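Q: dropping the sequence and predicted coords here.
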Amino acid sequence: METIYGSVFKDSNALYACQLNGQGGITAFGEDSLITAEQPVWQHLDYKNPACHQWIMNTALLPPSVKEGLVSESIRPKVLRTGEGTLITLRSVNRNDDARPDHLVSFRIYINDKIIISSRHRKIHSIDQVQEDLHNGVGAKSTGDWLIEIASAITDEVNDFIEALHENLIELEDDILEQKVPGRGELVLLRKQLIVLRRYMAPQRDIFIRLSSERLPWMRDEERRLMQEIADRLGRGMDDLDSCIARTAVLADEITSMMADAMNRRTYMMSLLAMVFLPTTFLTGLFGVNLGGIPGNSDSFGFGIFTFLLSLLMIIFAWWLRRSNWL
């Protein structure tokens, strides 16, 4: 396929469409535009949009396996070579309103030297940076350069999220050092976010490594080197994730130990109180039997004297416990 006319993108209802000019910017894109290897086209689609979905399934530009990949619900990062093009599935941090960042957004890309077809459903904020660079004339100059910018923006966003999780972990550790138990669910949520991020970013790093090592016809050696640097950056983020996950396990053990110590202290205090009242309980039980001959039964001051003696006995017993280092 030597050339492509803009009319093939008619009715795609793209969220964003542009034609790279090879100088870091974009040129006008219309139905009569002629697209060559030096001027690739980028079509950004919402695969849940009926018009976008229909265009993807009916266009002759994409192989059948690519069509299924662009609209499927598969969320695992992966890469699939199909002839001169490559289908790539990536995951990005969810920065949309009313959504947790760990609810990662799936981003699908089909790319070769002439076209870039990307699809998503939920908004991916890192793409805005790539679009802004293109409008400012400092963006991608080729399809390989475009993929580098996308991968770099997504990786930066992921690393920023990892850093935010690390700061949250440090705050929890500081609370533990001050003997403050974190709120219910805080550690569980943090650990879940770390594990989810680890699950999807590990294969994504492997994808970047594969893209940097394979001799793809639309990637230059410099772009392969940059892709390897991105993989290394994500790899350092993965190391931070592994260490944070291990630290959350230590925190969970420490919280369990703190709660056990608090329970032991309460149980110990209740046992001491029971010991303080043990002699008085025995005497009140003994003098409470309904039998004749109880001392002081006929004395009007008997109850007051008995109460005074019980109080004195409690004080003496508490002093003995204190001296014996039980209190």
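A: Perfect, I can see it now. Numbers count the residues shown, from 1 in each chain.
Q: low-confidence regions, the protein specifically.
A: 1-7, 28-38, 74, 290-292, 296-297, 326-327 (pLDDT under 70).
Q: now the residue nearest to Trp218 when sequence neighbours are not counted, what's its secondary structure?
A: The shortest distance from Trp218 to any non-neighbouring residue, by C-beta to C-beta, 6 or more residues apart in numbering, is to Asp113 (4.1 Å). Where C-beta positions appear, they are placed from N, C-alpha and C, glycine not excepted. Under the three-state scheme (DSSP: H, G, I helix; E, B strand; the rest coil), Asp113 adopts coil.
Q: so what's the residue count around Asp113?
A: 18 (other C-beta atoms under 10 Å).
Q: do the same with Leu312
A: Leu312: 10 neighbours (other C-beta under 10 Å).
Q: please enumerate the helices of this structure.
A: Taking DSSP state H as the test, the helices found in the chain are 50-58, 64-71, 125-135, 143-177, 186-213, 221-287, 302-323.
Q: re earlier: would you agree the residue nearest to Trp218 is in contact with Trp146?
A: No - here Asp113 lies out of contact with Trp146, judged by C-beta atoms under 8 Å, at a distance of 11.2 Å.
Q: intersection of neighbour lists for those two?
A: Jointly contacting Asp113 and Trp146 under the rule C-beta atoms under 8 Å, 6 or more residues apart in numbering are Pro40.
Q: coming back round to it: residue contacts, the residue nearest to Trp218?
A: Contacts for Asp113 were tallied using C-beta under 8 Å, 6+ apart; they are 37, 40, 84, 142-143, 217-218.
Q: buried by neighbour count, from those: which ones?
A: Among those, the ones that count as buried by 16 or more other C-beta atoms under 10 Å are 40, 142-143, 218.
Q: ok, so of these, who is nearest Gln23?
A: Among these, Ser142 lies closest to Gln23 (C-beta to C-beta), at 10.8 Å.
Q: wait, isn't that closest one in contact with Gly22?
A: Yes - with contact defined as C-beta under 8 Å, Ser142 counts as touching Gly22 (7.2 Å).
Q: domains in the chain, by residue range?
A: Domain assignment of the chain by the TED database yields the ranges 4-258, 298-326.
Q: distance to Leu286 added to the ones you listed, as JSON lines?
A: Output for these, formatted as JSON lines (distance: least, C-beta to C-beta, whole Å):
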{"stretch": "domain 4-258", "distance to Leu286": "43"}
{"stretch": "domain 298-326", "distance to Leu286": "11"}
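Q: just name the most buried of these.
A: When the domains of the chain are scored by mean count of other C-beta atoms under 10 Å, the highest mean neighbour count falls to domain 4-258 (a mean of 17).
Q: how far off centre is that domain?
A: 15 Å (C-alpha atoms, centre = their mean, to the nearest Å).
Q: what are the contacting residues of stretch 246-254?
A: Taking C-beta under 8 Å, 6+ apart as the rule, stretch 246-254 contacts 169, 172-173, 176, 187, 190-191, 194.
Q: please disregard the earlier target; I meant stretch 97-110.
A: For stretch 97-110, contacts defined as C-beta under 8 Å, 6+ apart pick out 47, 62, 66, 69-70, 74-75, 85-96, 116-124, 127, 147, 150, 154, 161, 192-193, 196-197, 200.
Q: try it again with 7 Å
A: Residues from elsewhere that reach stretch 97-110 (C-beta atoms under 7 Å, 6 or more residues apart in numbering): 62, 66, 69-70, 75, 85, 87-95, 116-120, 122, 124, 161, 193, 196-197, 200.
Q: which of these fall within strands?
A: 85, 87-92, 116-120 (DSSP state E).
Q: and those residues, which is closest to Arg323?
A: When those are compared for distance to Arg323 (C-beta to C-beta), Arg91 wins out at 65.9 Å.
Q: contacts only, for that closest one.
A: Contacts of Arg91 (C-beta under 7 Å, 6+ apart): 75, 77, 104-106, 200, 204.
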